[in-house]
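Colleague: quick one: sequence plus predicted model below, questions after.
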Amino acid sequence: MPPSNRLFDEFARLATDAAGAAQGVRREAETVLKGQIERLIRDMDIASREDVDVLRDLVAALRSQNDALAARVVALEAKASGGSAGAKPTPEAL
């Protein structure tokens with residue numbers, strides 16, 4: 001019986017080593033693939049999520065500023081025409 005137990009022990013150790021090596025290869029393949037994908041995205045010049053968020057906030061601020069300036073232009077035009085033009089034009093009409 002001792003020889004077969006020793007055979008099973010060697011086989012178990014071989015299987016354990018093979019599983020460890022397979023996990024190492026898997027991790028290495030994931031690392032290489034991740035690096036290539038990141039390089040591809042960087043080369044494609046795709047905007048990051050942070051860039052998109054900053055641009056969205058900037059556009060919202062500029063839109064509100066534009067609306068305020070349009071209302072100011074309408075008020076100044078009404079004042080310049082003497083206010084007798086009747087209905088005031090809306091900022092959307094500009």
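Modeller: Noted; the coordinates are in hand. Numbering: from 1, shown residues only.

Colleague: quick one: buried residues of stretch 19-26?
Modeller: The neighbour-count check on stretch 19-26 (16 or more other C-beta atoms under 10 Å) flags nothing as buried. The C-beta positions use only the backbone N, C-alpha and C, and glycine is treated the same way.

Colleague: now it, how far from the centre of its chain.
Modeller: When distances are taken as C-alpha atoms, centre = their mean, to the nearest Å, stretch 19-26 is centred 32 Å away from the chain's centroid.

Colleague: can I get that stretch as PDB, trimmed to CA atoms?
Modeller: C-alpha atoms of stretch 19-26 as PDB (Å, rounded to 0.1, in the frame of the first residue of the first chain):
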ATOM      1  CA  ALA A  19      -3.500  24.500 -11.100                       C
ATOM      2  CA  GLY A  20      -1.200  27.100  -9.700                       C
ATOM      3  CA  ALA A  21       0.700  27.500 -13.000                       C
ATOM      4  CA  ALA A  22      -2.700  27.700 -14.900                       C
ATOM      5  CA  GLN A  23      -3.800  30.500 -12.500                       C
ATOM      6  CA  GLY A  24      -0.500  32.300 -13.100                       C
ATOM      7  CA  VAL A  25      -0.900  32.100 -16.800                       C
ATOM      8  CA  ARG A  26      -4.500  33.300 -16.600                       C
END
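
Colleague: please, where are all the helices along the protein?
Modeller: 2-43, 49-80 (DSSP state H).

Colleague: could you tell me the least trusted of those helices?
Modeller: With a mean of 87, helix 2-43 has the lowest mean pLDDT of the helices of the chain.

Colleague: got the domain boundaries for the chain?
Modeller: Per automatic domain parsing, the structural domains of the chain span 1-46, 47-94.
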